[in-house]
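Enquirer: here is my input; please provide its structure:
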Amino acid sequence: MSAAQQQQIDLSTLSIDNLAAVKKQLDDELEHLTSSFTKLRQAQSKFRECINSVKAGVNDNVAGKTLLVPLTTSLYVPGKLSDSKHVLVDVGTGYYVEKTAEDAVKFYNGKVTALQKSLGDLEKVVAQKGQNVRVVEDVIRRKVLAAQQQQEGQKA
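Expert: Reported below is the predicted structural model:
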C-alpha cells in the first residue's frame, strides 16, 4: 500500500465489534499473503529443479539416448535429445525461447534471485501484518476485560 492509502486509526476508540472486523480483515490479508509466499517458494523450487535438469540432463553423455520428457507434471513421454547444446526455455505465458544450456541456467538463476528478493520483501510484510494482528488482539482483550470489570462493578 502506498503512504497515501494507509491511515492510522486509534484502536482504543473502536468498539469491540469494529475491532473484531479489523482483526478479521487482517487475518484474511495475512492468509492471502502467506498463500502468496508459499506459491512464490514453490515457483522458486521449480526454477531450481529446471537448473538441475539442464545441468544434469543436457550434455553430450545423453545425446541420442532415450529420455522421459515431461508433458505435464504427471505425464512423461519417451524422447531423445537431438541437440545437447541448446534447450527450449519457457519464458512465461506459453512462450518458449531457444537458449544454450549455459544461458538457460543463467536465466533460471536470475528468476531464482528475483524470487528471493520478492520473498524477502513479502516476508517483511507478513511479519508486519502478524504484528498488527497481535496489537488488535491485545486491544480486544483489554476492552473485554474492562467491560467485564465494569459489569462486575455495577453488580456490586
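Enquirer: the most centrally placed residue in the chain sits in which helix or strand?
Expert: For the chain, Phe37 is the residue whose C-alpha lies nearest the centre (C-alpha atoms, centre = their mean; 1.9 Å). Element membership for Phe37 (DSSP states H and E) is helix 16-57.
Enquirer: average model confidence for that helix?
Expert: For helix 16-57, the mean per-residue pLDDT is 92.
Enquirer: tell me which strands the worst-scoring helix or strand of the chain on mean pLDDT pairs with, and in which orientation.
Expert: Sorting the helices and strands of the chain by mean pLDDT, DSSP states H and E puts strand 66-70 at the bottom, at a mean of 81. Neighbouring strands of strand 66-70 in its sheet, by DSSP bridges, are strand 76-80 (antiparallel).
Enquirer: then the strand it pairs with to CSV, C-alphas only?
Expert: Output of strand 76-80 as CSV, limited to C-alpha atoms (Å, rounded to 0.1, in the frame of the first residue of the first chain):
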residue,chain,number,x,y,z
TYR,A,76,6.0,-38.2,-19.3
VAL,A,77,6.7,-39.5,-22.8
PRO,A,78,9.9,-41.1,-24.2
GLY,A,79,12.1,-38.8,-26.3
LYS,A,80,15.6,-38.3,-27.5
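Enquirer: mean confidence for that strand?
Expert: 89.
Enquirer: likewise stretch 144-156?
Expert: What stretch 144-156 shows for mean pLDDT is 81.
Enquirer: ditto for stretch 88-97
Expert: 90.
Enquirer: distance between the ends of it?
Expert: Chord length of stretch 88-97, first to last residue, is 5 Å (C-alpha to C-alpha, to the nearest Å).
Enquirer: what are the buried residues along it?
Expert: Val89 (16 or more other C-beta atoms under 10 Å). Backbone N, C-alpha and C define where each C-beta goes, glycine included.
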